[in-house]
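# what would the 3D arrangement of this be:
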Amino acid sequence: MTTSSLSTSDSPISPAAQESHRHHIAQALTIAGSDSGGGAGIQADLKTFSALGVYGASVISGLTAQNTQGVHGLFEVSADFVRQQLQVVLDDLRIAACKTGMLARADIIAAVADELRGRAISLVVDPVMIAKSGHALLAPEAIDNLCRLLLPLATLVTPNLPEAAAMTGLPEAVDEAGMQRLGERLLAMGAKGVLIKGGHLPGDCDAVDWLFTPSQSCRLVSPRIATRHTHGTGCTLSAAITAGLACGLPLAEAVTQAKAYLDHALRAADQLQVGNGLGPVHHFHHWWSEDSAGSASITMTDNQP
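Numbers count the residues shown, from 1 in each chain. Okay, here's the model as predicted:
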């Protein structure tokens, strides 16, 4: 077992992203829903890509009437139009990595899987099912398509504990042993990598996530940030991982870099003062904040099988 720690530098842009700019900018794609309040979904993904030095393109799977106080309405996009958006982007742009967020329905998932299958594109699947306000963002019957069609294409899937339980049929984890059971089951279901997010674990301990691949499991620990403004954390983390993969980072490095970026964004979230409810994380903390240059530390424990 080895333990390593990662500290961010003053620049949120990775050396891989900086190197890519000397040749051509790394390009990433998000397939997700629009958040009219700007804190999650497509908007959070594109902000994250930009903050990390990656060009972002988007395919919109649905539109929400949403603010910091909740989701008030959902307008669904047809699967055919999702497919058309995806086709024209992939036909023209040099997409190195892609992430999915809210896909809403089984037919949209099938269309996305059809278009991504066989392409040399790293895929991060964020299985968005329920908004923080409790609004359902994925039809229950679509979970089967998510697991059967999209999961086998995923370089990484990033569920929280309720999402992982819904995908596997296992009980929701209440401890790290439960998280490990969920991660191992998702690997067995076909994902190449699994990041189980432990934010729903009971207690006020450090934030613990687990990264699983067929060859290793890693425990990632970071301090739990005392803020209520956590809107868009899942979208932001998966988008930051996607940005790292688009720049050619190995999976574990992309995940630790993304965790450090999110840590900074959460630490600076209270500075934004956006809305009257659960506000967004601060995607542009490096540019807009005068006191965000401190280092964030993520500790990873590598458990070899």
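# any idea how far Ala265 is from Arg117?
33 Å (C-beta to C-beta, to the nearest Å). C-beta coordinates here come from the backbone N, C-alpha and C atoms, glycine included.
# looking at the two, which is more packed in?
Ala265 (32 against 11; other C-beta atoms under 10 Å).
# quick check, that one in a helix?
Yes - assignment of Ala265 by DSSP: H, G, I helix; E, B strand; the rest coil places it within a helix.
# which one is it nearest to, not counting chain neighbours?
Spatial nearest neighbour of Ala265, chain neighbours left out: Val281 (3.9 Å); criterion: C-beta to C-beta, 6 or more residues apart in numbering.
# so what's that neighbour up against?
Residues near Val281 by C-beta atoms under 8 Å, 6 or more residues apart in numbering: 39, 44, 229-233, 236, 262, 265-266, 268-269.
# will you turn these into a markdown table that also has pLDDT?
Shown next, in a markdown table, are the contacts of Val281 (pLDDT from 0 to 100):
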| residue | pLDDT |
| --- | --- |
| Gly39 | 95 |
| Ala44 | 98 |
| His229 | 92 |
| Thr230 | 88 |
| His231 | 92 |
| Gly232 | 92 |
| Thr233 | 94 |
| Thr236 | 97 |
| Leu262 | 95 |
| Ala265 | 94 |
| Leu266 | 93 |
| Ala268 | 92 |
| Ala269 | 91 |
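# among these, who's most crowded?
The member of the contacts of Val281 surrounded by the most neighbours (other C-beta under 10 Å) is Ala265, with 32 neighbours in all.
# so that one sits right up against Cys235, yeah?
No - the criterion here is C-beta atoms under 8 Å, and Ala265 misses it with Cys235 at 11.3 Å.
# what's around the closest residue in space to Gln273 that isn't next to it in sequence, how many residues?
Closest residue in space to Gln273, ignoring its immediate chain neighbours: Gly279 at 7.3 Å, by C-beta to C-beta, 6+ apart. Residues within reach of Gly279, counting by other C-beta under 10 Å, total 22.
# correct me if wrong: Gly279 contacts Gln69.
No - counting by C-beta under 8 Å, Gln69 is not a contact partner of Gly279; they are 10.2 Å apart.
# mind listing what the residue nearest the centre of the chain touches?
Relative to the mean C-alpha position of the chain, the nearest C-alpha, by C-alpha atoms, centre = their mean, is the one of Ser238, at 1.5 Å. Shown in contact with Ser238 (C-beta under 8 Å, 6+ apart): 45, 99, 101, 124, 126, 158, 258.
# repeat that for 7 Å
99, 124, 126, 158 (C-beta atoms under 7 Å, 6 or more residues apart in numbering).
# extract the C-alpha trace of the strand ranked longest in the chain and format it as CSV.
Using DSSP state E to define each element, the chain has its longest strand at strand 55-67. Extracted in CSV, the C-alpha atoms of strand 55-67 (Å, rounded to 0.1, in the frame of the first residue of the first chain):
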residue,chain,number,x,y,z
TYR,A,55,-12.2,24.1,-25.1
GLY,A,56,-15.7,22.9,-24.3
ALA,A,57,-18.5,21.9,-26.7
SER,A,58,-22.0,20.9,-25.6
VAL,A,59,-24.9,18.7,-26.5
ILE,A,60,-28.1,19.6,-24.6
SER,A,61,-30.3,16.8,-23.5
GLY,A,62,-32.9,18.8,-21.7
LEU,A,63,-33.6,22.3,-20.3
THR,A,64,-34.5,23.0,-16.7
ALA,A,65,-36.3,26.0,-15.2
GLN,A,66,-34.0,26.1,-12.2
ASN,A,67,-32.5,28.5,-9.7
